[in-house]
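1. Give me coordinates for this.
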Amino acid sequence: MTFGQLRNEYERSSLYEPGHPLQVRTLYNWRERIADIFDMKIEYDGTAYRIANASQLTETAPFRWLLQSLVVNDVVRRCRHLSPRILLESIPSGEKFLSPILQAMEQGRVINMVYRRFPEIHDREPQLIAPYCVKVNKRRWYVLCRLVDAPAPANTPKEFQRFGNLKIYALDRIQHMEITTREFVYPDDFDPQRFFSNFFGVYAGFDVPLQRVLLRVDAEYAKYFRTLGLHHSQREISEDSSGSVFEYHLHPTIDFVRAILSMGGSVEVLEPDNVRQQVASEAGRMCRIYGSEMLKKC
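-> Take a look at the predicted model:
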């Protein structure tokens, strides 16, 4: 975009103050700040401004999420008269604990945390954690961390054993936390994306083995699977007039089982037998809750 185009867009944005048009010097300063904060390098080639490293930025999930948030925020601010018609979901405790956790991650500081698990009603004893990464899942923020001075459980895969006892905590269940003066070193060879790659959702349970899972999906619901895959390992291996079979390679934890149950009769587990039995068991519990007479009416 040329400077004139940028100036026009700026005057249409929610940031513009009448009587204060965009100046070249101001744009230069903003480019420096954008490069520092977002790692977005905006260069001027003598005629127009371009994002020099656009292809690299679009490959990173945090940047895409941040850019989408900024775009939505700007649109909402520009269209304030439409605010009653723009319905957004809140993420509990994100505003309270996310910032200090990110601060501890940046500074390499250990956190002293009091956490309450469900269905326990009493607070647990304070524990020391080294935060490794944060993750959003189903309107909740989670932190993946290492329990300080705790060895890895026996069922931890060899590639992750050297990182210690890794745990996942929901931010909305944190009772209290404070950043300590104790430091930790984040391992350069730890890859959060790799850690979660074979799981569905947020629960990383290595007690559930990595397996090949086949799902039979009816023809109508299969369209949704094709446009938004259930997991990155998803592969459609067969199709006929009644539906499709999708293949996955993952740890079928409770998060995955509940996702299948939420789709009702549109999805059937073909294999392995242990996952099929688990889904059938949960479906049986639902039958007992609603009663056989109620089901006969369906």
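
2. Restricting to C-alpha, output the helix or strand containing Pro131 in CSV.
-> Using DSSP states H and E, Pro131 sits within strand 127-137. Taking C-alpha atoms only, strand 127-137 is exported to CSV below (Å, rounded to 0.1, in the frame of the first residue of the first chain):
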residue,chain,number,x,y,z
GLN,A,127,3.1,-26.3,44.6
LEU,A,128,5.9,-24.9,42.6
ILE,A,129,5.5,-25.0,38.8
ALA,A,130,7.7,-24.0,35.9
PRO,A,131,5.3,-22.7,33.1
TYR,A,132,6.2,-24.1,29.7
CYS,A,133,3.3,-23.0,27.5
VAL,A,134,-0.4,-21.9,27.5
LYS,A,135,-3.2,-23.3,25.5
VAL,A,136,-6.9,-22.4,24.8
ASN,A,137,-9.4,-25.2,24.6
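
3. which parts of the next helix or strand after that strand are buried?
-> Sequence-wise, the next helix or strand downstream of strand 127-137 (DSSP H and E) is strand 140-147. Across strand 140-147, burial judged by 16 or more other Cβ atoms under 10 Å covers Arg140, Trp141, Tyr142, Val143, Leu144, Cys145, Arg146. Placement of C-beta: from N, CA and C, glycine included.

4. Any chance you could list what contacts the helix or strand following strand 140-147?
-> Following strand 140-147 in sequence order, the next helix or strand is helix 158-161 (DSSP H and E). For helix 158-161, the external contacting residues (Cβ atoms under 8 Å, 6 or more residues apart in numbering) are Ala152, Leu166, Phe195.

5. follow-up on the earlier one: give me the packing partners of the strand holding Pro131, helices and strands only.
-> Applying 3 or more Cβ pairs under 8 Å, 6 or more residues apart in numbering; DSSP states H and E, one finds that strand 127-137 makes contact with helix 94-107, strand 109-115, strand 140-147, strand 166-170, helix 192-196.

6. rerun that using 6 Å as the cut-off
-> Packing contacts for strand 127-137, counted by 3 or more Cβ pairs under 6 Å, 6 or more residues apart in numbering; DSSP states H and E, involve helix 94-107, strand 109-115, strand 140-147.

7. what inclination does the first one have with respect to strand 166-170?
-> In this case it means helix 94-107. 150 degrees (axes from the mean of the first three to the mean of the last three Cα atoms, to 10 degrees).

8. pLDDT averaged over helix 94-107, what's the number?
-> The average pLDDT for helix 94-107 rounds to 84.

9. For that helix, list the C-alpha coordinates in CSV.
-> The C-alpha trace of helix 94-107 is given here as CSV (Å, rounded to 0.1, in the frame of the first residue of the first chain):
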residue,chain,number,x,y,z
GLY,A,94,-7.9,-15.4,31.3
GLU,A,95,-7.7,-11.8,32.3
LYS,A,96,-6.7,-12.7,35.9
PHE,A,97,-3.9,-15.3,35.6
LEU,A,98,-2.8,-15.3,32.0
SER,A,99,-0.7,-12.1,32.3
PRO,A,100,1.4,-13.3,35.3
ILE,A,101,1.9,-16.7,33.8
LEU,A,102,3.2,-15.2,30.5
GLN,A,103,5.4,-12.9,32.6
ALA,A,104,6.8,-15.9,34.4
MET,A,105,7.4,-17.7,31.1
GLU,A,106,9.2,-14.6,29.7
GLN,A,107,11.4,-14.2,32.8
